[in-house]
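Colleague: I need the structure of the sequence given here:
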Amino acid sequence: MKVTPAAALVALLGCAAIVFASDFDEIDTNHDGVISREEWNAWKKKTSQAESVERKAPAKTEASSHEDRSVGVIKWIERNFEIRQSFFGTGTSSPDTATEFSRLSGSVASIASSDPARLSWTKPSNGSAFYQVDAAVLWRPSFLSSGTQLAGNPIAWFVEPTFEAHVSSQPESAQNQLSYRSPITLDFYPGQDEIAGMDNPNAVPPKRFITAHTFIISPTYQTDQDNNTRLIEGELFYTPTIPALAIGIRQPVFGLSKVQFRWRPYIGFELGDYLSENNSADAASESNISRFVFRSAADLSLGDRFSLSGSFVSRIQLNEGGTSFNYGEVSGQMFLDPTLPTNGEPPHFSIGITYKKGKDAPDFANVDSVNAWLGVRF
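Modeller: Numbers count the residues shown, from 1 in each chain. Predicted coordinates:
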């Protein structure tokens, strides 16, 4: 059928009439067949608001996209970095199954305690008050971790470059230590199906006495904040995970689910050389380093809000007649955003008080102080 120009024009006008009739009915709200000024102004206001919403929609989508990207960056940082007080802690890793090594978020040694990085105000037993920072930053890239099976037993390894600082505005009266280490951690789990729920106090304890063996080999460069004492060494440590003794696994105290205890010992050696020494320091008189080391860390959770923790390190010189240096800390803290550490995500902010005493590497200056601090852990 041939369509003439006149027929097309009539059809177009008919469609326009239908559309206009629909708009007319919408504008003529009282349906009296006459559009008043009030009805016209009300319809124009309504249509202009709809157009404004349509114009703003893309901007909202763009803002949402920026927000999503920001959240993605934050999640990436949380997944790849950790901020806390020290590399050495009390915890353990907890993959869901023996073969899902990609789910391991960190080594036994690095999944530490609830001890946060600290900015503290310190009052030594003899001297004026000063400020101090105790913090460690761990980089945990997924491409530097892997695992395999050995005779049916899972083995996982991790490389976690770490920067750790214990410095103050008055170095001679406090712990004075900057450490750069790149620890290689090997976790060996005897038994195939005994990893899941390792740090869950409600899980059925595995029958095996030692559920994990952890070996740490760590090339370390250490100095003080004035760079007077510098050394390079290799740290070799071993630590087991023993649920029955609360080593690496939180256990209820006296059957109380809100009161849980966990600790972890480390035994090993520090071997290396001094690159330069502070002559006034109480360190070794020889340039080479050969020490037997015992470390331990412990924490006691008291409900959702409070925790007690402590750490101790003893170094015995193997090449100087058994001279020993001991250093320890005891802390009490209150979590400002309470989250039970057993759920896999520690509290992020806390306040606390710490007593420090002893002699710590690299220059072994005497420390005897009380610290009030604000803690951050991610």
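Colleague: from here on, contacts and neighbour counts on C-alpha atoms
Modeller: Fine.
Colleague: What is the burial count for the residue lying closest to Leu308 once chain neighbours are set aside?
Modeller: Sequence neighbours aside, Gly332 is the residue nearest to Leu308 in space, at 4.6 Å (criterion: Cα to Cα, 6 or more residues apart in numbering). Look at Gly332: counted by other Cα atoms under 10 Å, it has 18 neighbours.
Colleague: Ok, Ile249 next?
Modeller: Residues near Ile249, counting by other Cα under 10 Å, number 26.
Colleague: Is it in a helix, a strand, or coil?
Modeller: coil (DSSP: H, G, I helix; E, B strand; the rest coil).
Colleague: Test my guess that it contacts Gln260.
Modeller: No: in this structure, Ile249 is not within contact of Gln260 by Cα atoms under 8 Å, at 9.5 Å.
Colleague: Helix, strand or coil: sort out the residue nearest to Leu308 for me.
Modeller: Gly332 ends up strand, using three-state DSSP.
Colleague: After whichever strand or helix holds Tyr327, heading C-terminal, what element do we hit next?
Modeller: Using DSSP states H and E, Tyr327 maps to strand 324-335. Remark: after strand 324-335, the chain's next helix or strand is strand 349-359, criterion DSSP H and E.
Colleague: For that following strand, which helices and strands make contact with it?
Modeller: Applying 3 or more Cα pairs under 8 Å, 6 or more residues apart in numbering; DSSP states H and E, one finds that strand 349-359 makes contact with strand 324-335, strand 366-376.
Colleague: what is the rounded mean pLDDT of it?
Modeller: The average pLDDT within strand 349-359 is 92.
Colleague: can you check stretch 156-174 too?
Modeller: Averaged across stretch 156-174, pLDDT comes to 82.
Colleague: Any buried residues in it, and which?
Modeller: Going by neighbour count (16 or more other Cα atoms under 10 Å), the buried part of stretch 156-174 is 156-168, 170-171, 173-174.
Colleague: what about the protein, any weak spots by pLDDT?
Modeller: For the chain, the stretches with pLDDT under 70 are 1-41, 43-71, 74, 90-114, 124-125, 171-175, 192-207, 227, 277-286, 339-346.
Colleague: Helices of that one, residue ranges please.
Modeller: For the chain, the helices defined by DSSP state H occupy 5-27, 37-80.
Colleague: which residues does Leu178 bridge with?
Modeller: Beta-bridge partners of Leu178, counted by DSSP bridges, are Ala165, Thr223.
Colleague: the domain parsing of this structure - what is it?
Modeller: Annotated domains of the chain cover 5-27+35-72, 85-376 [automatic domain parsing].
Colleague: how much space between the residue nearest to Leu308 and Phe292?
Modeller: Noted for Gly332: a distance of 29 Å to Phe292, by Cα to Cα, to the nearest Å.
Colleague: so who does Ala135 touch?
Modeller: Neighbouring residues of Ala135 by Cα atoms under 8 Å, 6 or more residues apart in numbering: Ile83, Arg84, Gln85, Ser86, Pro116, Ala117, Arg118, Glu164, Ala165, His166.
Colleague: switch the cut-off to 10 Å
Modeller: 83-87, 115-119, 163-167, 178, 375-377 (Cα atoms under 10 Å, 6 or more residues apart in numbering).
Colleague: Equivalent analysis for Ser324, please.
Modeller: Ser324 neighbours (Cα under 10 Å, 6+ apart): Arg291, Phe292, Val293, Ser314, Arg315, Ile316, Gln317, Leu318, Lys359.
Colleague: Pull out the buried residues from those.
Modeller: Arg291, Phe292, Val293, Ser314, Arg315, Ile316, Gln317, Lys359.
Colleague: Quick check: the residue lying closest to the first one once chain neighbours are set aside vs Thr162, distance?
Modeller: Going back to what we said before, that points to Arg291. Excluding the flanking residues, the one nearest Arg291 by Cα to Cα, 6+ apart is Gln317, at 4.6 Å. Taking Cα to Cα as the measure, Gln317 falls 25 Å from Thr162.
Colleague: Which residues does Ser146 form beta bridges with?
Modeller: In beta-bridge terms (that is, DSSP bridges), Ser146 pairs with Trp157.
Colleague: Counting neighbours, what do you get for it?
Modeller: Neighbours around Ser146, by other Cα under 10 Å: 17.
Colleague: what's the burial count for Gly322?
Modeller: Using other Cα under 10 Å, Gly322 has 12 other residues around it.
Colleague: give the contact list for it.
Modeller: If a contact means Cα under 10 Å, 6+ apart, then Gly322 has Arg291, Phe292, Arg315, Ile316 as its contacts.
Colleague: and with 7 Å instead?
Modeller: Contact criterion Cα atoms under 7 Å, 6 or more residues apart in numbering gives Ile316 as the residues in contact with Gly322.
Colleague: Dihedrals phi and psi, it?
Modeller: Backbone geometry at Gly322, expressed as degrees, to the nearest 10, gives phi 80, psi 20.
Colleague: Would you check how far apart it and Arg291 are?
Modeller: 9 Å.
Colleague: Give me the common contacts of those two.
Modeller: The contact lists of Gly322 and Arg291 share Ile316, where a contact means Cα under 7 Å, 6+ apart.
Colleague: thought Ile267 was touching Tyr238?
Modeller: Yes: between Ile267 and Tyr238 there is a contact under Cα atoms under 7 Å: 5.6 Å.
Colleague: Make sure Gly248 is actually in contact with Thr239.
Modeller: No: if you go by Cα under 7 Å, Gly248 and Thr239 don't touch, sitting 9.2 Å apart.
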